[in-house]
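> no sequence on this one, just coordinates:
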DNA sequence: GCCGTCCCGTCATCAAACTGTCAGGTTGGT
DNA sequence: ACCAACCTGACAGTTTGATGACGGGACGGC
């Protein structure tokens, strides 16, 4: 169990570092964001504790870079102020938990244990199928490096397919999810048309929307 | 992405409902626990936001009932007071997250997005015979690594054979399973033909459909 | 307010898949 | 050898899905 601790306040850092060591973890402690990023590129950590405010690079920047590299490593953010906008930004960037200073060390320890307990795939925030990536936080779809622009309806259908994958999704389910109340009034082939448009836009991707005759659709990697 | 919102305070409910809608979710908003339970039985939600205190049935009761039905739908509880005994009860009952009132709407949004990021951990049993595997959730049949595409009728028959295996299944049973009401009107050799087609598609598998002369069919591993 | 653009739902048409029936061959029991 | 049960390839009707085109409505820029 190797843990990276990034915290600029030297006093706090040494206290936490010693505490974690005594709890049996291997700890790398760094004082700023640049070093944190450097260590993250170098080693594979079981968990990361990131201070929000740090010299050179903020914890948030480090976190975003980490997630951009598709690393699912659990991240615990430390924040000085407890404003909701901070929390939101942190959670959206892919933080798994946050702790407001000042905190009791036992609580930090408990939260780290909680993060390490979580199943590994519970931390993957993106929906992936082949080289097709859907990021729920930004609601964008990328194939490889290129971003694809989808309409609201298309996005809604694609998201449903991805969440249910690899199961087939019934036309009825699609209607209910996308058109809500008016699900019954959906024209006979409206869904077909949207699926055709989606397929056209996803033409270059290494994933395909299969038709399950009489049932609905399913998305699969190719 | 369809979300159920159960909250008795009308002001809060409408605010949250509108906010969620603007974020692109399809929202069903209900004012009490009974209606929440009713909607949960009716629709398949991506996430549920449950107020703790509600008329007729508390959020906790709704949650317990939901989990009793083995539904893995992520649940976010709203609680008025932040007492640890409340938290424990809620989390024990299977809530995935909780939020203490009063809260800022952006934070609620962020937490819902976090919940939706989690992969559903539902795991249904699969039917196996030899190297032939039928997965009911995806409606797919695989032999070894290759996937076989079956029509609805074929799948229906195969499923019946697998469920009854290693017993033989009468023609009458097959007729009832596949054609239900019109079971009597099934032509004399319609079933034969479908079995022939099934056998053809299952040719490479290490399982075989045997004929029990005068009775029906049985599937066995070879 | 006017215009262009984008998006959506419907229609008509086309293509493909699925199903039931039949005819003729095969098998197995007696 | 005979008969009933069963197998299988072919075929045509029907259902289901795919796709290009069209018109209306929403939205934003001017």
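Everything's here; your move. What you are looking at is a predicted structure, and each value in this text was computed from that prediction instead of being measured.
> enumerate the residues of chain A near DNA strand C.
When proximity is defined as CB under 7 Å from any atom of the strand, chain A approaches DNA strand C at A:149, A:151-154, A:179, A:185-190, A:193-194, A:213. To be clear about C-beta, it is placed using only N, CA and C from the backbone, and glycine gets the same treatment.
> wait, what's in contact with residue A:133?
Going by CB atoms under 8 Å, 6 or more residues apart in numbering or on different chains, residue A:133 touches A:126, A:127, A:141, A:142, A:143.
> grab the nearest non-local neighbour of the last one.
Leaving aside its sequence neighbours, residue A:143 sits nearest to residue A:205 (CB to CB, 6 or more residues apart in numbering or on different chains; 4.3 Å).
> how about stretch A:33-49: buried residues?
Of all the residues in stretch A:33-49, those buried under the rule 16 or more other CB atoms under 10 Å in any protein chain shown are A:33, A:34, A:35, A:36, A:37, A:39, A:40, A:45, A:47, A:48, A:49.
> pLDDT score for the second one?
In the prediction, the pLDDT value recorded for residue A:34 is 88.
> assumed it was part of a strand.
No. Judged by DSSP: H, G, I helix; E, B strand; the rest coil, residue A:34 forms no part of a strand; its state is helix.
> next one: it from residue A:58, what distance?
Using CB to CB, to the nearest Å, residue A:34 is found at 11 Å from residue A:58.
> re earlier: so the residue nearest to residue A:143 sits against residue A:131, correct?
Yes. Under the criterion of CB atoms under 8 Å, residue A:205 makes contact with residue A:131 at 6.0 Å.
> mind listing the shared neighbours of those two?
residue A:143.
> those two: which has the busier surroundings?
Relative neighbour count places residue A:205 above the other of residue A:205 and residue A:131, with 23 against 15, counting by other CB atoms under 10 Å in any protein chain shown.
> so that one: helix, strand or coil?
Per three-state DSSP, residue A:205 ends up coil.
> got the contact list for it?
Counting by CB under 8 Å, 6+ apart, the residues that residue A:205 touches are A:130, A:131, A:132, A:143.
> filter those residues to the buried ones?
Among the contacts of residue A:205, those classed as buried by 16+ other CB under 10 Å are A:130, A:132, A:143.
> got CSV for those residues, with secondary structure, pLDDT and distance to DNA strand D too?
Converted to CSV, the buried ones among the contacts of residue A:205 look like this (DSSP: H, G, I helix; E, B strand; the rest coil; pLDDT from 0 to 100; distance: CB to the nearest atom of the strand, whole Å):
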residue, secondary structure, pLDDT, distance to DNA strand D
A:130, coil, 85, 18
A:132, strand, 90, 18
A:143, strand, 88, 18
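> just give me the closest of these to residue B:3.
residue A:132 (24.3 Å; CB to CB).
> any idea what the closest one is bridged to?
Counting by DSSP bridges, residue A:132 is bridged to residue A:129, residue A:143.
> residues in contact with it?
A:141, A:142, A:143, A:202, A:205, A:206, A:207 are the contacts of residue A:132 under CB under 8 Å, 6+ apart.
> widest-spaced pair of those residues?
A:141 and A:206 (13.5 Å).
> can you pick the most crowded of the residues of chain A next to DNA strand C?
Neighbour counts for the residues of chain A next to DNA strand C peak at residue A:154, which has 20 neighbours (criterion: other CB under 10 Å).
> isn't there a helix covering that one?
Yes. Looking at residue A:154 with three-state DSSP, it is inside a helix.
> buried ones from the contacts of residue A:132, can you make that a PyMOL selection?
Restricted to buried positions by 16+ other CB under 10 Å, the PyMOL selection for the contacts of residue A:132 reads:
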select buried, chain A and resi 141+142+143+202+205+207
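> which residues in chain A form helices?
A:10-22, A:33-42, A:59-68, A:84-93, A:105-117, A:152-164, A:171-179, A:190-201 (DSSP state H).
> what's the spacing between the residue nearest to residue A:143 and chain B?
19 Å (CB to the nearest CB, to the nearest Å).
> and the pLDDT for that residue?
88.
> residues contacting residue A:197?
residue A:154.
> let me redo that: residue A:48
Counted by CB under 8 Å, 6+ apart, residue A:48 has contacts A:3, A:4, A:6, A:36, A:40, A:66, A:73, A:74, A:75, A:76.
> what of residue A:134?
Here residue A:134 is in contact with A:126, A:127, A:128, A:140, A:141, A:158, A:159, A:162 (CB under 8 Å, 6+ apart).
> repeat that for 6 Å
By CB atoms under 6 Å, 6 or more residues apart in numbering or on different chains, the contact set of residue A:134 is A:127, A:141, A:162.
> which pLDDT value goes with the residue in chain A positioned nearest to DNA strand C?
Closest contact between chain A and DNA strand C, by CB to the nearest atom of the strand, is at residue A:187 (1.9 Å). Predicted confidence (pLDDT) for residue A:187: 80.
> same check on residue A:114?
67.
> cool, and residue A:192?
At residue A:192, pLDDT is 95.
> next one: residue A:199
pLDDT at residue A:199 comes out at 95.
> below-threshold pLDDT in chain A: ranges please.
Low-confidence segments of chain A, defined by pLDDT under 70: A:69-70, A:81-94, A:102, A:104, A:106-107, A:114, A:117-126, A:136-138, A:181.
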